[in-house]
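Asker: sequence unknown, structure follows:
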């Protein structure tokens, strides 16, 4: 989908909340087509970012690293 999305799995540490939020924001911008949403869509935009950030944190918390 977007070649500029960074891998967030690091060998020495988990991703930070800021890194997860930035990746979620980039994803929502890409799929919605909005760099910045209108005021009418701001709440939905921010909620999507929060939801994706939380789900991504859950993913990393549940990954088994060898």
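Answerer: Right, received. Where do you want to start? Keep in mind it's a predicted model, so treat the numbers as computed, not measured. Numbering: from 1, shown residues only.

Asker: So which bits of the helix of greatest length in the chain are buried?
Answerer: Assignment by DSSP state H gives helix 42-62 as the longest helix of the chain. Going by neighbour count (16 or more other CB atoms under 10 Å), the buried part of helix 42-62 is 45, 48, 49, 52, 53, 56, 57. Any C-beta I mention is one placed from the backbone N, CA and C, and that applies to glycine too.

Asker: Grab the most central residue of this protein for me.
Answerer: residue 24 (1.8 Å; CA atoms, centre = their mean).

Asker: Model confidence for that one, exactly?
Answerer: On pLDDT, residue 24 comes in at 95.

Asker: Now name the helix or strand holding it.
Answerer: Element membership for residue 24, per DSSP states H and E: helix 17-32.

Asker: now for that helix, which elements pack on it?
Answerer: helix 42-62 (3 or more CB pairs under 8 Å, 6 or more residues apart in numbering; DSSP states H and E).

Asker: Could you list every helix and strand in contact with the helix it packs on?
Answerer: helix 17-32.

Asker: Off-centre distance for the helix it packs on?
Answerer: Relative to its parent chain, helix 17-32 has a centroid offset of 4 Å by CA atoms, centre = their mean, to the nearest Å.

Asker: Buried residues, that helix. List them.
Answerer: 20, 21, 22, 23, 24, 25, 26, 27, 28, 29.

Asker: and which of those is nearest residue 66?
Answerer: Closest to residue 66 out of the buried residues of helix 17-32 is residue 20 (22.2 Å), distances taken as CB to CB.

Asker: distance of the closest one from residue 46?
Answerer: 15 Å (CB to CB, to the nearest Å).
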